[in-house]
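*Asks:* here you go, sequence then predicted model.
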Amino acid sequence: MRLLAYLEKAVSLEEARSLLSPPSIRGEKTKDKPPFDKAISTLDELGLIRIEGEDQQLSLAGAATTLDGQDVSAFNSVLRQAVLDQAKNTSLGDSADQTGPRDLTRALAWLLSLDPTDPMDWYRVQNDQREALRPEAGPVFSNETRWNHFNYWAPRAPAFARVVRFDHVMP
């Protein structure tokens, strides 16, 4: 989003990929979807970018069209609003559906219900989340990988939490 806001024009998906995820850091073989592709699909799903045309031009969409590429607070605000959009967060307590931002919203709601002076690590998360949601909603974090991603991103890009140590996060 920041690249598109800064350039103030659409760019092809491949041009964005080459600028933001060059082969030297991309890694040739991976069983998972590459991080760049995950980011693009998430931003598209959140309605913050659109991909159009045969040459797959990326452009800003929705509230992101107001971004200038310089204002981090504005970026965080737009991202927060998109993630917490009520229409994208239905059935949080009734379904184990992890599509869209539901898993992040569910995790944030749970984290914000905890004591903010008591840092959490994966070992505590495993125990403390057991009774957090109804069984049909599933666990807040299904595995350590999801916790580690949350632990990394929650304090950074929409600034939802605070890191105390590299493996501990607080609301």
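*Replies:* On my side now, so go ahead.
*Asks:* what ranges do the strands span in this protein?
*Replies:* 11-12, 49-52, 57-60, 162-165, 168-170 (DSSP state E).
*Asks:* give the other helices and strands that the shortest one contacts.
*Replies:* Helices and strands touching strand 11-12, as assessed by 3 or more Cβ pairs under 8 Å, 6 or more residues apart in numbering; DSSP states H and E, comprise strand 57-60. Placement of C-beta: from N, CA and C, glycine included.
*Asks:* if we use 10 Å, what do you get?
*Replies:* Packing contacts for strand 11-12, counted by 3 or more Cβ pairs under 10 Å, 6 or more residues apart in numbering; DSSP states H and E, involve helix 13-20, strand 57-60.
*Asks:* which helices and strands does the longest one pack with?
*Replies:* For helix 13-20, the contact count by 3+ Cβ pairs under 10 Å, 6+ apart identifies helix 2-7, strand 11-12, helix 23-26, helix 35-45, strand 57-60 as packing neighbours.
*Asks:* where among those is the average confidence lowest?
*Replies:* Mean pLDDT is lowest for helix 23-26 among the helices and strands packed on helix 13-20, at a mean of 70.
*Asks:* can I get the helices and strands packed on strand 11-12 in TSV with mean neighbour count and distance to A87?
*Replies:* What follows is these, written out as TSV (neighbours: other Cβ atoms under 10 Å; distance: least, Cβ to Cβ, whole Å):
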stretch	mean neighbour count	distance to A87
helix 13-20	15	26
strand 57-60	20	20
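*Asks:* for the helices and strands packed on helix 13-20, which one sits closest to Q98?
*Replies:* With Cβ to Cβ, the closest approach to Q98 among the helices and strands packed on helix 13-20 belongs to helix 35-45: 12.2 Å.
*Asks:* quick check: buried residues in that closest one?
*Replies:* F36, A39, I40, T42, L43 (16 or more other Cβ atoms under 10 Å).
*Asks:* please give me every residue in contact with the first one.
*Replies:* In other words, F36. Shown in contact with F36 (Cβ atoms under 10 Å, 6 or more residues apart in numbering): L13, A16, R17, S18, L19, L20, S21, P22, I25, R26.
*Asks:* likewise for the last one?
*Replies:* With Cβ under 10 Å, 6+ apart as the criterion, the residues that contact L43 are M1, L4, I49, R50, I51, L58, L60, A61, A64, L79, A82.
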